[in-house]
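In: sharing a model that was predicted from the sequence below.
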Amino acid sequence: MSIGSDEIEHIAKLARIELSGAELEKFRADLNKVLGYIEVLKTVDTDGVEPLAQVTGLQNVFRKDEAVESPLTKEIIDNAPEKVGRFIKVKKVF
Amino acid sequence: MDIAFSSIKELREGLDSKKFSSVELTKEFLARVKKLDPKLKSFITVTEDQALADAKAADEAIAKGEQQILIGIPYVAKDLFCTKGIKTTAASKILENFKPVYDATVVAKMKQQKAVLLGKTNMDQFAHGSSTETSCFGPSHNPHALDRIPGGSSGGSTVAVAAGLAPFALATETGGSIRQPASLCGVSGWKPTYGRVSRYGVIAMTSSTDSIGSVARSVEDLVLTAEVMAGFDPHDSTTSKVPVKKWGENLPKKLDGLKIGVPKEYFVEGMEKDVEARVKEAIEEVRKLGAKIQSVSLPLTAYGSMVYAIVAPSEISSNLSRYDGIRFGHVTRDAKDLYEIYSKSRGEGFGDEAKRRIMTGTYALSAGYRDAYYLKAQKVRRLLVEEFEKVFSEVDLLLCPSSPNVAVKIGGAADNPLFGYIADQLNIPGALAGLPALSVPCGFGKPADGESVDLPVGLQIIGPQWGEEKVFQAGYAYQQVTEWHKIKPKGF
């Protein structure tokens, strides 16, 4: 299976990364190399095997649902590149 | 006493007996950084003023009788650890001027100890790479041969320790990023069991394998750092309540009865012959210490890097979606709507390797491909884990090389999208299974490119999940009968 130019543009859009024409071509070739590399993985028999997402064995780690004051609100807002007063400024969503 | 190449233990004794102060130590290391780092490029940020102030505070606390194992000891942290008020760049343009508002848990633990942070070290951008060449500040240089890579992604950390610019470093691993550069730079590196050390405040890459470890001159020193770093953290729900032992209290000189497996698949085709020879000599040394060596087989090893080539970019594409140009980091000056804030900020701010991995991961997780790639990889991952469990029912530890080769020339890795998957093929399977491991220096070898230069080789020691104790014991005992970890790079 190999990835074409339309598809690589679609992936860049999904990933929200603006890429130049040269970059698109380069990553298309790279992605095809990676896909070629992992092709042989398909030959491993995994019938009946459950996918493994993590190895800790921990499940449902809960803590008490208690409200805690964050002392950092101002600092966190200060880290935003665009702000007005105590608000982060963004372009309109709709 | 050569302060620059002293162990943490020796520095501790010197500080406690008032042979020198923390301020003197700190000045000595900072002077070396100033003199030597222009050719090594192991630092991104030097925190000179803060370091001297912290050292002064440590001296005052020592004078008052405060006792902590790392009090007054200088160290460096990979620039992936959030340090409050100190630039934390992940060696990227998108975080070039980012100052975190809190400390990573491990950094906070170092502060509680009153250890002295000298600065933040270079790395592959977002820890994506195995050579430190993907750093947007340029590559670090291997002190054993300045025209060669130090390995990566924690290359700045291993260079700083190898060149005597710091006694130890905080570093991170996702698929070899401590063991491989430790091997290439001739220092000792610890990759913990996944869940052993808190990842809170460490910039995320592949959350299901990201592990926080350390780099030092010896296993004994690594143990001192590990005892401070390990343990449950309410801020990281993957950290375990499995008890942290006082590993340092039980470090043996002999390894009688220890059962060690040598996985035949880890002596791969294309491995450099000097690497193979040094590692086999090291295994002989371990046998002489009383361990029983047997050959074992892990037939799925070759698939490890392929699983990783899907799982890592998938998790990366998800983790790196937080860099949106809105809350922190680089923002474009050239956007007409919200979509362009995202796409242009990210297009301008990410380097090639981050873009490549985000694209790969986005593809692997996209509609129609998730089952074929991501789920398939996770299924093979389970088989890999089960294979390790089976082998560890027969043996206590595995011994193998940390890297199939010694350091290659700078530029040799830069634009090969598969370089890391090949460089780390001996580290990735264990990382996917969350296993603890060490890389310890075990001699020198000539590179395959034919140049007549002696470069460090690393022995890898892998243990079962939560099996740090025996991993440290084997590494310590090996270093009691060998001197490789004491050899300084020429000219430093």
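Out: Nice, I can see it. Numbering: from 1, shown residues only, chains lettered A, B, ... in the order given.

In: give me the number of residues near residue 11?
Out: Just going to use chain A. 25 (other C-beta atoms under 10 Å in any protein chain shown). Glycine gets a C-beta too; all of them are placed from N, C-alpha and C.

In: that was the other one, I meant chain B.
Out: Neighbours of B:Leu11 using other C-beta under 10 Å come to 23.

In: distance of it from chain A?
Out: As judged by C-beta to the nearest C-beta, to the nearest Å, B:Leu11 and chain A stand 34 Å apart.

In: tell me where the stretch 151-300 of chain B has strands.
Out: Using DSSP state E, counting those that start in this stretch, the strands assigned to the stretch 151-300 of chain B run over residues B:168-173, B:188-191, B:211-216, B:259-263, B:292-296.

In: now swap in chain A and tell me
Out: Listed in chain order, the strands of chain A (DSSP state E) span A:83-84, A:87-88.

In: so which of the ones you listed is the most surrounded?
Out: strand A:87-88 (a mean of 12; mean count of other C-beta atoms under 10 Å in any protein chain shown).

In: what sits against B:Ser366?
Out: Listed by C-beta atoms under 8 Å, 6 or more residues apart in numbering or on different chains, the contact set of B:Ser366 reads A:11, A:14.

In: try it again at 10 Å.
Out: By C-beta atoms under 10 Å, 6 or more residues apart in numbering or on different chains, B:Ser366 lies in contact with A:7, A:10-11, A:14-15, B:317, B:373-374.

In: please apply the same query to A:Ile17.
Out: Taking C-beta under 10 Å, 6+ apart, one finds A:11, A:23, A:27, B:317, B:320, B:342-350, B:354-355, B:358-359, B:362 in contact with A:Ile17.

In: only whichever of these are buried, select them in ChimeraX.
Out: To isolate the buried members of the contacts of A:Ile17 in ChimeraX, using 16 or more other C-beta atoms under 10 Å in any protein chain shown:
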select /A:11,23,27 /B:317,320,342,343,344,345,346,347,348,349,350,354,355,358,359,362
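
In: and B:Ala364, what helix or strand is that in?
Out: Element membership for B:Ala364, per DSSP states H and E: helix B:352-365.

In: do B:Lys120 as well
Out: Counting by DSSP H and E, B:Lys120 is part of strand B:116-121.

In: and that strand, does that touch chain A?
Out: No - using C-beta under 10 Å from any C-beta of the partner chain, we find that strand B:116-121 stays clear of chain A, coming within 17.5 Å at best.

In: again with stretch B:40-54
Out: No - applying C-beta under 10 Å from any C-beta, one finds stretch B:40-54 separated from chain A by no less than 17.2 Å.

In: pull out the buried positions in that stretch.
Out: B:40-47, B:50-52, B:54.

In: what about that stretch, how long is it end to end?
Out: 25 Å (C-alpha to C-alpha, to the nearest Å).

In: re earlier: same list (the strands of chain A) but as a markdown table, adding mean pLDDT.
Out: Below are these laid out as a markdown table (pLDDT from 0 to 100):
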| stretch | mean pLDDT |
| --- | --- |
| strand A:83-84 | 92 |
| strand A:87-88 | 93 |
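
In: for the chain, which spans come out with low pLDDT?
Out: Going with chain A. A:1 (pLDDT under 70).

In: switch to chain B, please.
Out: Those would be B:414-415, if you go by pLDDT under 70 across chain B.

In: so the closest residue to chain A within the stretch 51-200 of chain B: helix, strand or coil?
Out: Nearest to chain A in the stretch 51-200 of chain B, going by C-beta to the nearest C-beta, is B:Val101, at a distance of 4.0 Å. Look at B:Val101: counting by DSSP: H, G, I helix; E, B strand; the rest coil, its state is coil.

In: distance check, the residue nearest to it when sequence neighbours are not counted against B:Asp49.
Out: Closest residue in space to B:Val101, ignoring its immediate chain neighbours: A:Glu75 at 4.0 Å, by C-beta to C-beta, 6 or more residues apart in numbering or on different chains. Separation of A:Glu75 from B:Asp49 (C-beta to C-beta, to the nearest Å): 21 Å.

In: again with A:Leu35
Out: 50 Å.

In: with B:Gly213 instead?
Out: For B:Gly213 relative to B:Asp49 (C-beta to C-beta), the value is 28 Å.

In: hmm, back to that, for the contacts of B:Ser366, give me a markdown table that also has distance to B:Gln180.
Out: As requested, the contacts of B:Ser366 are arranged in a markdown table below (distance: C-beta to C-beta, whole Å):
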| residue | distance to B:Gln180 |
| --- | --- |
| A:Glu7 | 33 |
| A:His10 | 35 |
| A:Ile11 | 29 |
| A:Leu14 | 32 |
| A:Ala15 | 28 |
| B:Ser317 | 23 |
| B:Tyr373 | 25 |
| B:Tyr374 | 25 |
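
In: who's in contact with the most centrally placed residue in chain A?
Out: Nearest to the mean C-alpha position of chain A, by C-alpha atoms, centre = their mean, lies A:Ala15 at 7.2 Å. Residues near A:Ala15 by C-beta under 10 Å, 6+ apart: B:317, B:320-321, B:342-343, B:346-347, B:350, B:355, B:358-363, B:366.

In: B:Met123: neighbour count?
Out: Counted by other C-beta under 10 Å, the residues lying close to B:Met123 total 33.

In: contacts only, for it.
Out: Applying C-beta under 10 Å, 6+ apart, we find B:Met123 in contact with B:42, B:44, B:78-80, B:89-92, B:129, B:132, B:134-135, B:137, B:140, B:152-157, B:171-172, B:177, B:181.

In: next one: B:Val296
Out: Contacts of B:Val296 by C-beta under 10 Å, 6+ apart are B:259-266, B:390-392, B:394-395, B:398.

In: can stretch B:326-345 be said to contact chain A?
Out: Yes - applying C-beta under 10 Å from any C-beta, one finds stretch B:326-345 touching chain A at B:326-345.

In: what about the helices in the stretch 351-492 of chain B?
Out: Secondary structure of the stretch 351-492 of chain B (DSSP state H, counting those that start in this stretch): helices at B:352-365, B:376-391, B:419-423, B:428-432, B:468-480.

In: identify each of the helices in chain A and give its residue range.
Out: A:5-14, A:21-38, A:73-78 (DSSP state H).
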